[in-house]
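# Here is a sequence with its predicted model. Questions after.
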Amino acid sequence: MSVIESGSLHSYNAVREIFEQYNDFLITFTIPAPSGMFAFIWPALCYNYKAIPNGRNDRRSRGFAQYSGKPTRYFPEHLQFIQTEKPGTPPPSKSLVFGHTFTNHMLTIPWSSLEGWGTPKIEPYGPLSLEPSSTVLHYAQTIFEGMKAYRDEHGKVTLFRPDMNMKRMNSSAARVSLPTFDSDALLQLIKKLIHIERDWIPREPGHSLYIRPTMIGTQKFIGIAPPSEALLFVICSPVGPYYPDGFKPIALYATTEYIRAAPGGTGAYKLGANYAPAVMPQKQVAKMGYAQNLWLHGPEHYLTEVGTMNMFVVLKKGDAIELVTPPLDGMILPGVTRDSLLSLARDHVSGTYKIPKLPEHFIVSERPITMKEVQEAEASGNLVELFGSGTAAIISPVNRIGYLGKDIHVPTGEDGMGPISRPIWTELVGRQMGTIPSDWSVPVTA
Ligand SMILES: Cc1ncc(COP(=O)(O)O)c(C=O)c1O
């Protein structure tokens, strides 16, 4: 490495220009700190761009990747496996409580703006070592995903549409200036982790291994800027069915006091920062006898999401039935379950794949829907059902909505599920559990 230039740079563009011109050399420079809000991001810029290794365009572009949102190629095929010396054994499936039990190992991959993605490791599950000044602890630089690995009746292990989780995680990373990554490479590593932990996937029907990929900013730095260091890790948790004793419809509280998301905000991303603020409103409604908040938007009280689920309303429209879900307008998380339900319902409508027991005259709509419309549908007897959708519960039927001091009553079927959600649920779960062959079911190989 040779030092060819030292000096002062006054703007981000100047830094870029120097990089373009002299990418074969080490460049050192200082950046005078400006005043005002830029003072906050300046230390990170200085840190990120203080050195360029000889002739390594790829390294240079890694440094910029977090600004450009371009995915970085990473994961040199050097996965290290450090086997635990104190292996635990999976508890009896009946005793599993969602999110409380973790498997023996975890996947970790460090990242720095100078080096890009480092060596991936599968290592014993255990505490992380973090500086108290780590950016995640102050500015919530954390994103996550939730997906499940299923074991079919022949013992084959599969993931359900994991490409969608990888895509969503990259989009969340870009939104909070965490580094983006190569989705295929991460998926391969996650498959290796699941393969190692396969004995933790319960054999009982409806059980699965919940996979939680997470990324955090780990730079020791007090200031608001893209972190120059990050850690991606993946942990696994065996889980039972959400409704072990049959479907239990839940009551919602349509809150006009709190919001989950707003236009231009972060509702469409899976950021840790979206979840903590929802806990207090959730506790408040629990005291009033409701299970979850129904998040509304705007003076018209548009329905958006249910707790941590997407939502669907089923309405009678003359001799037709309409399945409605709010559109992906930037405030709604693009759920994998939501997309799968819509896709199955649309295949039924187009005739590509007819779902038994769904009506012939069936309309599938991604459109805004207000509380007034739901109230009117209840009053006219046209409200057929309302349910939430998500990886954890798959479908969660709703039987009551508290709204402006009154309860709206939502019909539910005898077994808790409605006449539209039940047949679509059967199709979806069949594809997840492998009883209905599908491209959505991705084998986990060694
Ligand atoms: C806010 C929110 N909406 C919707 C969903 C459902 O998304 P998915 O179907 O991908 O689990 C989730 C769960 O991940 C969520 O946290």
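Received the coordinates, thanks. Numbering: from 1, shown residues only.

# Who are the contact partners of the nearest residue to K354 once chain neighbours are set aside?
Residue nearest to K354 in three dimensions, not counting chain neighbours: H348, with 5.8 Å by C-beta to C-beta, 6 or more residues apart in numbering. Any C-beta I mention is one placed from the backbone N, CA and C, and that applies to glycine too. Going by C-beta atoms under 8 Å, 6 or more residues apart in numbering, H348 touches 354-355, 358, 362.

# Kindly report the same for W425.
394-395, 417.

# Those residues in strands, which ones?
Secondary structure from DSSP state E places 394-395 of these in strands.

# Return the residues of the stretch 1-150 of the chain in contact with the ligand.
Residues of the stretch 1-150 of the chain lying near the ligand by C-beta under 6 Å from any ligand atom: G146.

# OK, contacts around P90?
P90 touches 101, 103, 199-200, 202, 238, counting by C-beta under 8 Å, 6+ apart.

# If you check the stretch 51-200 of the chain against the ligand, which residue is the closest one?
As assessed by C-beta to the nearest ligand atom, the ligand sits closest to G146 within the stretch 51-200 of the chain, at 5.0 Å.

# Let me know how buried the residue lying closest to that residue once chain neighbours are set aside is, in neighbour terms.
Excluding its sequence neighbours, the residue lying closest to G146 (C-beta to C-beta, 6+ apart) is T391, at 5.1 Å. Other residues within reach of T391, judged by other C-beta atoms under 10 Å, total 22.

# T391 against Y150, yeah?
No - between T391 and Y150 there is no contact under C-beta atoms under 8 Å: 11.4 Å.

# between the contacts of H348, which is closest to G330?
Nearest to G330 out of those is F362 (C-beta to C-beta; 27.9 Å).

# For the closest one, the count of nearby residues, please.
17.

# again with I235
18.

# cool, and P92?
Counted with other C-beta under 10 Å, P92 comes out at 8.

# swap in V157?
V157: 21 neighbours (other C-beta under 10 Å).

# any idea how far the closest residue to it other than its chain neighbours lies from L189?
In space, and not counting its chain neighbours, V157 is closest to V444: 4.4 Å by C-beta to C-beta, 6+ apart. According to C-beta to C-beta, to the nearest Å, V444 stands 12 Å off from L189.

# quick one: low-confidence ranges for this protein?
1-76, 446 (pLDDT under 70).

# Any idea which residue is closest to the centre of it?
Nearest to the geometric centre of the chain sits E145, at 3.5 Å (C-alpha atoms, centre = their mean).

# Show me which of the contacts of P90 are buried.
101, 103, 200, 202, 238 (16 or more other C-beta atoms under 10 Å).

# Mind putting those residues into a markdown table with distance to A140 and secondary structure?
Output for these, formatted as a markdown table (distance: C-beta to C-beta, whole Å; DSSP: H, G, I helix; E, B strand; the rest coil):
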| residue | distance to A140 | secondary structure |
| --- | --- | --- |
| T101 | 26 | coil |
| T103 | 26 | coil |
| W200 | 30 | helix |
| P202 | 33 | coil |
| P238 | 28 | strand |
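
# In a strand, V324, correct?
Yes - counting by DSSP: H, G, I helix; E, B strand; the rest coil, V324 is part of a strand.

# and it, what are its bridge partners?
Counting by DSSP bridges, V324 is bridged to V313, S365.

# Roughly how far does D199 sit from P91?
12 Å.

# what does W440 give?
Taking C-beta to C-beta, one finds W440 at 30 Å from P91.

# between these two, which one's more packed in?
Neighbour totals were compared for W440 and P91, and W440 leads with 19 against 14 (other C-beta under 10 Å).

# Just give the nearest non-adjacent residue to that one, would you?
R161 (4.9 Å).

# which residues touch that neighbour?
R161 touches 336, 339-340, 440, 442, counting by C-beta under 8 Å, 6+ apart.

# from these, which two are the most distant?
D339 and V442 (15.3 Å).

# hang on, the earlier thing: the residue nearest to the centre of the chain: what's it in contact with?
By C-beta under 8 Å, 6+ apart, the contact list for E145 reads 165-166, 168-169, 211-214, 270.

# got the domain boundaries for this protein?
1-66, 76-239, 250-435 (automatic domain parsing).

# was I right about I394 contacting V429?
Yes - counting by C-beta under 8 Å, I394 touches V429, with 6.4 Å between them.

# what about these two, which has more around it?
With neighbours defined as other C-beta under 10 Å, I394 and V429 compare such that I394 has more, 23 against 18.

# neighbours of I224, just the number please.
Neighbour tally, I224, other C-beta under 10 Å: 14.

# now swap in P368 and tell me
16.

# Which residue, other than its chain neighbours, is closest to it?
Nearest one to P368, counting by C-beta to C-beta, 6+ apart, is Y302 at 5.2 Å.

# how far away is the residue nearest to D199 when sequence neighbours are not counted from E204?
Once flanking residues are discounted, D199 sits nearest to P90: 6.7 Å by C-beta to C-beta, 6+ apart. From P90 across to E204, the span is 12 Å (C-beta to C-beta).

# and what of T391?
18 Å.

# quick one on the thing from earlier: which of the contacts of P90 sit farthest apart?
T101 and D199 (13.2 Å).

# Can you get me the centre-to-centre distance for stretch 290-300 and its chain?
Computed by C-alpha atoms, centre = their mean, to the nearest Å, the separation of stretch 290-300 from the middle of its chain amounts to 21 Å.

# Would you map the helices across the stretch 101-250 of the chain?
135-139, 162-175, 183-196 (DSSP state H, counting those that start in this stretch).

# Redo those helices as CSV? Include mean neighbour count.
Formatted as CSV, the helices of the stretch 101-250 of the chain follow (neighbours: other C-beta atoms under 10 Å):
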stretch, mean neighbour count
helix 135-139, 19
helix 162-175, 20
helix 183-196, 19
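
# want to try TSV for these, with distance to V234 as columns?
As requested, these are exported to TSV (distance: least, C-beta to C-beta, whole Å):
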stretch	distance to V234
helix 135-139	16
helix 162-175	10
helix 183-196	6
